[in-house]
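J.: Quick one: sequence and predicted model below, then my questions.
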Amino acid sequence: MAIPHLKRSAACFLKTGETRNIAFALRDIGRLFSLMHKPDSAIKYYRQALPYADSYSRFSVMNNLGDILAEEKNYPSAFYYIRQSVE
């Protein structure tokens, strides 16, 4: 399974200060949990990715978070993150 590898990657990126790659690794973990129909875990990892997201990765992380929140019918939060992703 890819999740343990992505977690190790995120830890390595943290040690080297590669914040964009930390954001992408955590985002990818969130995507995998989303595909496994585990929205709570997906949301957790998307939110963990946000502090590491730069202008390049921010759109992707926030958009994914907004999508999963919409699937969970949390429309106010979904709207907030999707709107923030394009600002």
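T.: Arrived safely.

J.: Looking at E72 now. What's its pLDDT?
T.: Model confidence at E72, given as pLDDT, is 96.

J.: Equivalent analysis for S85, please.
T.: 87.

J.: next one: D28
T.: 98.

J.: Contact partners for it?
T.: A2, L6 (C-beta atoms under 8 Å, 6 or more residues apart in numbering). Every C-beta, even on glycine, is put in place using the N, C-alpha and C of the backbone.

J.: Secondary structure element holding it?
T.: helix 19-35 (DSSP states H and E).

J.: ok, now which ones touch K7?
T.: A25, I29.

J.: so how far is Y46 from it?
T.: According to C-beta to C-beta, to the nearest Å, K7 stands 15 Å off from Y46.

J.: same question, Y80
T.: 13 Å.

J.: burial count for A23?
T.: Residues lying near A23 (other C-beta atoms under 10 Å) number 25.

J.: Now for the most centrally placed residue in the chain, which secondary structure element holds it?
T.: In the chain, the residue lying closest to the centroid (C-alpha atoms, centre = their mean) is Y46, at 2.5 Å. According to DSSP H and E, Y46 maps onto helix 39-49.

J.: Next, the buried residues of whichever helix or strand comes after that helix.
T.: Sequence-wise, the next helix or strand beyond helix 39-49 is helix 55-71, with elements assigned using DSSP H and E. Under the neighbour-count criterion of 16 or more other C-beta atoms under 10 Å, helix 55-71 has S57, R58, S60, V61, M62, N63, N64, L65, G66, D67, I68, L69 buried.
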